[in-house]
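S.K.: one predicted model, sequence on top.
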Amino acid sequence: MKISPSKLISLLFFIFSGYYLYTAYQIQVFAFDENAPFNAKTFPIYLGFAGLVFSALYIILPEANPTDVDLKVLDYKKTIGLVILMILYGLTILRAGYFLSTSIFLVVSYIILGERKWIWIFILSFPFVAIFMYLLHGLLNIYLRDPFLKYIGIMG
Amino acid sequence: MIEGILIGLQTALSFKNLMMVMIGCFSGTIIGMLPGLGPMTAIALMIPITYGFDPSTGLILMAGVYYGAVFGGSTSSILINAPGVPGTVATSFDGYPMAQQGKAGKALAIAAYSSFAGGTISAIFLLIAAPSLSLVSLSFRSPDYFGLMILGLTAVAAFSSKGNFLKAMMMVVLGLMLASVGQDTLSDIPRFTFDNMNLSDGISFVLVVMATFAMSEALTIIFKANDPTKAAKQISLSQLGSIKLDKDETKKMVTTIPRSSVLGFIIGVLPGAGATIASFLAYGMERNFVNDEEKQKFGKGSVNGIAAPETANNAACSGSFVPLLTLGIPGSGTTAVMLGALLGFGIQPGPRLYQTNPEIFWSVIMSMYIGMVVLLILNLPLIPYIARVLATPRTFLIPLILFFSLTGVYLMSFNNFDIYMMIGIAVVATVLRLYDFPMPPLILAFVLGGLMEENLRRSLLISDGSWSFMWDRPLTIAIMLTIIFIVGWQIYKSFKLIKKH
């Protein structure tokens, strides 16, 4: 039996709603609030049931307007590459600082997407981030901690 | 009221705020022009910047971005037949054929004048309607607000579902679930935090908006591999032609604009409908109003065919501010984003906004009008130059969108947990969008989640746990009946579609 991707997503949402509902019932409320008409877990419980009902209806009923996606034309390589790059960016931003990690993130993402104009790649990374950081500091008074710039003596 | 208008005018006309309107309109036009990036993305990208300003200035900047994005959307519709915004799809029906005839400049001018006229007329309507509706809405109670929020959510779900109402409703529930993460507002009891300190304050609104719109839109463009810049080469951007209109064309616009403005404004006020529905309805209505000879020109570069949807979508933009400013309930995804930003400033829009913060209330309304003037004076002559943005290769565009999204979220919290959560939500949103699970209902639900729970809590406590509050008052009954009608209509439509398939 072939299940449509939309129904599969609905099935996952059904499981997620079930888990959400279970967690909602586990919320610890104050003893005096236990039998109140409304406490911290009332609304989440309603939401859990609503999620179960809507996803179950979608799974059971025939699809009114099925979505057809040609999976072969999708560019998995570049998309996954960018997602991994963003995760690496998250890993390095606190250690290497905003300037270095953001500039490298931009350079690598241009390259992943197939850009080879090196002058533009350079202009739209290191100098671009430097100007952006200057605007943040100078105009909006937003301080960005940057161990790298501190190490080379540019930032205090 | 006159005093309020003067205060608003004074605030809006300050040098700083005038600059913000210009910057907002200009950047909104550029972002809105890029296919796939609409007003919601444009506003979302601006939110972190606005937090550095006072609320009036921040809101004025966002309103400018909103109008600019709608105007920019019509430019890409006309020039490359790739609407940047759903609200300008109807513009491409006649705008693009006119551009193909070598009259792109003329089509852009018609769009700009119509947008200006539609925006101006509806700004006057807003000036009259907002204070009166504020007075009426003072009589609204918690059950009515709760009902109105459900109405807003079901209406947005119905209009954005493309025949998949259940998918849209699942997104509504998901948005409400995301909003329930964090400490309970009344008891401070942690919910769904899994002992993680980063979740105790809940999920940031900016994070969810950036992830579901800016970031997932960028990922979708790469994932689907349909290069919008390839389409940009279809029309030579250096040969736009004259932007001057002749007497006959002006005459046609004069008859179209008033009726489309009224229709657009009314549709904009209704929850969920917004600019897209308004523009399609205005296009259809105009086709019925014109004579047979003119009817034949529709779809082939008709002046009325461009003027009607452009007037209506701008009028609807102003109209959608009515429920936001007077009831505190956004009627569309874009105004939901603006509500989130307002709450971030510590301002609760509602019937008392124009009494407690008249400078904000009136300056936003005034800046809308100034925004229209800026769009006409500044953007129209600059269009041949701004249009070159359409030639920006996506190899540079996508990383820059990701950069602004990641930076926007990092600037809010300065930790990498939010970056990971944003990537996670963006990946899920990209997959969901691929299969037509709409995002506007999710955002609206996320913004309204807290308010909805608060009003339900009050209603249930007042009625001692009984759900009779839903039919105790005529107003609540009327709201509930409207919800039942919308849901019933969607069920009927779905069954009709199933039968057809």
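M.R.: Sure thing, it's come through.

S.K.: all contacts plus neighbour counts: C-alpha atoms, from now on.
M.R.: Will do.

S.K.: quick check on whatever residue of the stretch 1-150 of chain B ends up closest to chain A: phi, psi?
M.R.: Going by Cα to the nearest Cα, chain A is nearest to B:Gly52 of the stretch 1-150 of chain B, at 6.0 Å. Backbone torsions for B:Gly52, taken as degrees, to the nearest 10, come to phi -80, psi -10.

S.K.: measure it to A:Leu136 for me?
M.R.: 10 Å (Cα to Cα, to the nearest Å).

S.K.: cool, B:Leu199 as well?
M.R.: Counting by Cα to Cα, the gap from B:Leu199 to A:Leu136 is 27 Å.

S.K.: and if you look at B:Met149?
M.R.: For B:Met149 relative to A:Leu136 (Cα to Cα), the value is 37 Å.

S.K.: neighbour-wise, which of the two wins?
M.R.: Set side by side, B:Met149 and A:Leu136 show more neighbours around B:Met149, with 25 against 17, by other Cα atoms under 10 Å in any protein chain shown.

S.K.: my guess is the more buried one contacts B:Glu454. True?
M.R.: No. Using Cα atoms under 8 Å, B:Met149 makes no contact with B:Glu454, being 11.5 Å away.

S.K.: could you measure from B:Pro351 over to B:Leu451?
M.R.: 15 Å.

S.K.: between those two, who's got more neighbours?
M.R.: A direct count of neighbours by other Cα under 10 Å for B:Pro351 and B:Leu451 places B:Pro351 higher, at 25 against 18.

S.K.: B:Lys244 versus the residue sitting furthest away from the middle of chain A, what's the distance?
M.R.: Using Cα atoms, centre = their mean, the residue of chain A lying farthest from its centre is A:Phe32. It sits 38.5 Å away. As for A:Phe32, its distance to B:Lys244 is 73 Å (criterion: Cα to Cα).

S.K.: just the helices in chain A please.
M.R.: With DSSP state H as the criterion, chain A has helices at A:5-26, A:42-60, A:76-96, A:98-112, A:118-123, A:126-138, A:147-151.

S.K.: of all those helices, which one is nearest B:Val269?
M.R.: Closest approach to B:Val269 among those is made by helix A:42-60 (28.0 Å; Cα to Cα).

S.K.: need the contact partners of that closest one.
M.R.: For helix A:42-60, the external contacting residues (Cα atoms under 8 Å, 6 or more residues apart in numbering or on different chains) are A:7, A:10-11, A:13-14, A:17-18, A:20-21, A:24-25, B:166-167, B:169-170, B:173-174, B:176-177, B:180, B:453.

S.K.: now do stretch B:420-429
M.R.: A:Val83, A:Met86, A:Ile87, A:Gly90, B:Leu207, B:Val208, B:Met210, B:Ala211, B:Thr212, B:Met215, B:Ser216, B:Met439.

S.K.: if we go to 6 Å?
M.R.: Outside stretch B:420-429, the residues that touch it by Cα atoms under 6 Å, 6 or more residues apart in numbering or on different chains are B:Leu207, B:Ala211, B:Thr212, B:Ser216.

S.K.: and if you look at stretch B:342-352?
M.R.: B:Ser134, B:Ser137, B:Leu138, B:Leu325, B:Thr326, B:Leu327, B:Gly328.
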